[in-house]
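Trainee: Sequence plus the predicted model coming up.
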Amino acid sequence: MAQPPALAESLAAASVPRRSGLLSAVWRFARRKPLGAFGAVVILLLLFTAVFPQVFTSQDPTAFKGIERLKSPSSAHPLGTDQFGRDQLSRLVHGARTSVSVSFGAITISVVLATLIGTISGYFGGWVDAVMQRFVDAAIAFPNLIVLITLVAVLGAGLYQIVLALGIVSCFGTSRIVRSAVIMTMANPYIEAARVVGAHPIRIMTRHILPNVAPVVIISATVSMGGLVLAESGLSFLGFGIPPPTPSWGSMLGVDGRAYMERAPWLAVVPGIAIGSIVFAFNMLGDALRDTLDPRLRR
């Protein structure tokens, strides 16, 4: 028995595999925001380099080879060597793991603290908001670099100490952004309806407020990660960052690059380009996510 034409067309359309929603969203994002897509590709390359450094180099980044000190770029050492004969490509690749660990660890601490402070302050208001915001004002009033150096001096030099210090310092500015988004969300009728029916404040904050401020948190976190990479590099540049011999882009630029800049300029140029590229990538991706996720900017 022959099938009706409409039914046959429906069956044929259903049999054609459809592009998944995720791939469609990624393609639409890349087409509308090419710079944001470029930033995402650079960040994915950074993550891949940090997780699989052996793909790019097989040399030990901490191996001392005095006979090969300050060698210019060659086939054996594509980015040259430093004053101790260590391969710069190996140190650059393994330094990506340090940057990824610091930036992602610090942004996790920062987002958790900022969301907690901003949500509680914006939801309860009154004296709770006044006390918490005066504390935030006092924390923001101090220069970030001075606070970071003080915290590192108190906590000690190390990866976990740097992550904790950066997470604490960067959370206060983000908490104000979260607070503003919470206050705007509180004006919606469904928040008042949840209060009327007797919903617990924790349930209101977790089920109704946090999902609505999540895009703001994501955008702020993405933009802040570039600043965290720059802050870690600045601490290492000044000698307060990750202790040697662990490779770090900031220490490569500061300790090695400054002393031998004229004789071996690649010691300063290579890590400087790496830091600038990653900060640019995070900023471009953050701007693109802001334009995409913010309803007021979607047009």
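Mentor: In hand now; what should we look at?

Trainee: Please name the residues that touch L164.
Mentor: L164 makes contact with 106, 109, 151, 155 under the criterion CB atoms under 8 Å, 6 or more residues apart in numbering. Bear in mind the C-beta positions are built from the backbone N, C-alpha and C, glycine included.

Trainee: which helix of this structure spans the most residues?
Mentor: Counting residues, the longest helix in the chain under DSSP state H turns out to be helix 88-124.

Trainee: name the helices or strands packed onto that one?
Mentor: Contact here means 3 or more CB pairs under 8 Å, 6 or more residues apart in numbering; DSSP states H and E; on that basis helix 88-124 packs against helix 34-51, helix 126-141, helix 159-186, helix 201-204, helix 210-238, helix 249-251, helix 266-293.

Trainee: Turn these into CSV, columns for distance to L23 and mean pLDDT.
Mentor: As requested, those are arranged in CSV below (distance: least, CB to CB, whole Å; pLDDT from 0 to 100):
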stretch, distance to L23, mean pLDDT
helix 34-51, 13, 89
helix 126-141, 41, 90
helix 159-186, 30, 90
helix 201-204, 35, 89
helix 210-238, 20, 85
helix 249-251, 33, 82
helix 266-293, 16, 85
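
Trainee: Kindly reformat those helices as CSV containing distance to E68.
Mentor: What follows is the helices and strands packed on helix 88-124, written out as CSV (distance: least, CB to CB, whole Å):
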stretch, distance to E68
helix 34-51, 23
helix 126-141, 47
helix 159-186, 28
helix 201-204, 61
helix 210-238, 24
helix 249-251, 20
helix 266-293, 14
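
Trainee: which one of these is the most hemmed in?
Mentor: A comparison of those by mean neighbour count, using mean count of other CB atoms under 10 Å, puts helix 249-251 on top with a mean of 27.

Trainee: what's near enough to touch the residue positioned nearest the centre of the chain?
Mentor: In the chain, the residue lying closest to the centroid (CA atoms, centre = their mean) is M225, at 2.8 Å. Contacts for M225 were tallied using CB under 8 Å, 6+ apart; they are 103-104, 107, 282, 286.

Trainee: and it, how far is that from V182?
Mentor: With the distance defined as CB to CB, to the nearest Å, M225 ends up 22 Å from V182.

Trainee: just S58 next, same as before
Mentor: Summarising the geometry, the distance separating S58 from V182, computed by CB to CB, is 50 Å.
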